[in-house]
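1. What would the 3D arrangement of this be:
(chains A and B)
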Protein chains: 2
Amino acid sequence: MIEEKYQIVADFSVSAVEGIKRTGMKVLALRDRYAKIMMPLEGNINHIGTMYAGSLFILGEFSGGILHGVSFDYNKFFPIVREVTIRFQRAAKTDVTLEVALNRETAAQIQETAEREGKCDFGLKLDLKDADNQTVAEVEGIWQLRKFRAGQSIAGT
Amino acid sequence: MIEEKYQIVADFSVSAVEGIKRTGMKVLALRDRYAKIMMPLEGNINHIGTMYAGSLFILGEFSGGILHGVSFDYNKFFPIVREVTIRFQRAAKTDVTLEVALNRETAAQIQETAEREGKCDFGLKLDLKDADNQTVAEVEGIWQLRKFRAGQSIAGT
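-> Reported below is the predicted structural model:
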């Protein structure tokens, strides 16, 4: 379930970047510091009939952006991705989902550091799962929370 | 320049997987065991006006597939990707290109192993470059050459 206050985050996040929008990715649930997202198999099939590696990457990488929208002050900070490793474990033959969460203390610490220093790295380790709850890929990445400079804003907002 | 015998590889590789096709990726040059590919900025812009991380990943990951088409017997073997790390170095504000190559000995060795054992891993380390020849991202990955089993073939071919 998407909490009502986060509907705007869900809508913006899947439509603001064309490369995300055209995959058909869905936001399934959002609450404070938690997101569940889904990459549909339809439209994301590869040359051997399973989910395309690039679409699995997009699902994994998106976790940093959507988590940003439910964890940090998005009028003051924006996220970038620094580094991502994706390990493909088994062919994905269904829609693929991913859950991502931060605890309250970690989120507060990241935002305080970014407030003070202008930026703060944060790491995420994620399991991408098929409809049978089997892990199809593991993603480990480092994102960065950055403070807007005066007058700066996200394109399109 | 795309060598005439590889035009079919160029055409197939950018159209066979919808998630690749919709990025508008281009094959610029193909010859034996060498490829140069390009991700256009247009259609691949992110929330801060530079190239979307997912599109840079797709360019990097594609290198394994396109190299396959100019290095190995694609009627007998197909490629899969096992693991990719992408490190984003600087914002890409232009089209991004990538060159990938295998030497003759390495290519022969990989195919011989796959012929004998049914599969063979191979690693690639790649620089993704902008129009000023600056590296915008580094990609390191492990792909695998796999032998078709009897009756198996690539979807769509």
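2. what residues does stretch A:60-71 touch?
-> For stretch A:60-71, the surrounding residues in contact (C-beta atoms under 8 Å, 6 or more residues apart in numbering or on different chains) are A:6, A:9, A:12-13, A:20, A:25, A:27, A:30-35, A:37, A:74, A:77-79, A:81, A:84, A:86, A:98, A:100-102, A:107, A:110-111, A:124, A:126, A:128, A:137, A:139, A:141, A:143, A:145, B:47, B:53-54, B:57. Backbone N, C-alpha and C define where each C-beta goes, glycine included.
3. again, 7 Å this time
-> The contact list for stretch A:60-71 (C-beta atoms under 7 Å, 6 or more residues apart in numbering or on different chains) reads A:6, A:9, A:13, A:20, A:25, A:27, A:30-35, A:37, A:74, A:79, A:81, A:84, A:86, A:98, A:100, A:102, A:107, A:124, A:126, A:128, A:137, A:139, A:141, A:143, B:53-54.
4. among the residues you listed, which ones are buried?
-> A:6, A:9, A:13, A:20, A:25, A:27, A:30, A:33-35, A:37, A:74, A:79, A:81, A:84, A:86, A:98, A:100, A:102, A:107, A:124, A:126, A:128, A:137, A:139, A:141, A:143, B:53-54 (16 or more other C-beta atoms under 10 Å in any protein chain shown).
5. tell me the centre residue of chain A?
-> Geometric centre of chain A, nearest residue: A:Ser63, 1.6 Å, by C-alpha atoms, centre = their mean.
6. who's in contact with A:Thr85?
-> Here A:Thr85 is in contact with A:140, B:83, B:85 (C-beta under 7 Å, 6+ apart).
7. Averaged pLDDT, the helix or strand hosting A:Ile80. What do you get?
-> For A:Ile80, the enclosing helix or strand under DSSP states H and E is strand A:77-88. Mean per-residue pLDDT for strand A:77-88: 96.
8. Could you tell me which of the buried ones among the contacts of stretch A:60-71 are located in strands?
-> Cross-referencing these against strands under DSSP state E gives A:27, A:30, A:34-35, A:37, A:79, A:81, A:84, A:86, A:98, A:100, A:124, A:126, A:128, A:137, A:139, A:141, A:143.
9. burial count for A:Arg22?
-> 16 (other C-beta atoms under 10 Å in any protein chain shown).
10. Now it. Nearest residue, chain neighbours left out?
-> B:Arg22 (5.2 Å; C-beta to C-beta, 6 or more residues apart in numbering or on different chains).
11. still on that earlier bit, CA atoms only: put the strand holding A:Ile80 into PDB for me.
-> Presented in PDB, the C-alpha positions along strand A:77-88 are these (Å, rounded to 0.1, in the frame of the first residue of the first chain):
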ATOM      1  CA  PHE A  77      18.400  17.100  -0.800                       C
ATOM      2  CA  PHE A  78      18.700  15.000  -4.000                       C
ATOM      3  CA  PRO A  79      20.200  11.500  -4.600                       C
ATOM      4  CA  ILE A  80      22.900  10.300  -7.000                       C
ATOM      5  CA  VAL A  81      24.200   6.800  -7.500                       C
ATOM      6  CA  ARG A  82      28.000   6.300  -7.200                       C
ATOM      7  CA  GLU A  83      28.500   2.600  -7.800                       C
ATOM      8  CA  VAL A  84      26.400  -0.500  -8.300                       C
ATOM      9  CA  THR A  85      27.300  -4.200  -8.500                       C
ATOM     10  CA  ILE A  86      24.700  -6.600  -9.700                       C
ATOM     11  CA  ARG A  87      25.100 -10.400  -9.500                       C
ATOM     12  CA  PHE A  88      22.700 -12.400 -11.600                       C
END
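12. by how many degrees do the helix or strand harbouring A:Ile110 and strand A:77-88 diverge?
-> Under the criterion of DSSP H and E, A:Ile110 resides in helix A:104-117. Here helix A:104-117 runs at an angle of 120 degrees relative to strand A:77-88 (axes from the mean of the first three to the mean of the last three C-alpha atoms, to 10 degrees).
13. Helix A:104-117: which residues count as buried?
-> Result for helix A:104-117 [16+ other C-beta under 10 Å]: buried residues A:107, A:110-111, A:114.
14. what mean pLDDT would you report for it?
-> Averaging pLDDT along helix A:104-117 yields 97.
15. Figure out how far that helix is from the centre of its chain.
-> Centroid separation for helix A:104-117 versus its chain: 18 Å, with C-alpha atoms, centre = their mean, to the nearest Å.
16. For A:Val139, which non-adjacent residue is closest in space?
-> Spatial nearest neighbour of A:Val139, chain neighbours left out: A:Gly60 (3.4 Å); criterion: C-beta to C-beta, 6+ apart.
17. Then the one you found would be within a helix, right?
-> Yes. According to DSSP: H, G, I helix; E, B strand; the rest coil, A:Gly60 belongs to a helix.
18. and stretch A:45-59, how far from the chain's centre?
-> Stretch A:45-59 sits 17 Å away from the centroid of its parent chain (C-alpha atoms, centre = their mean).
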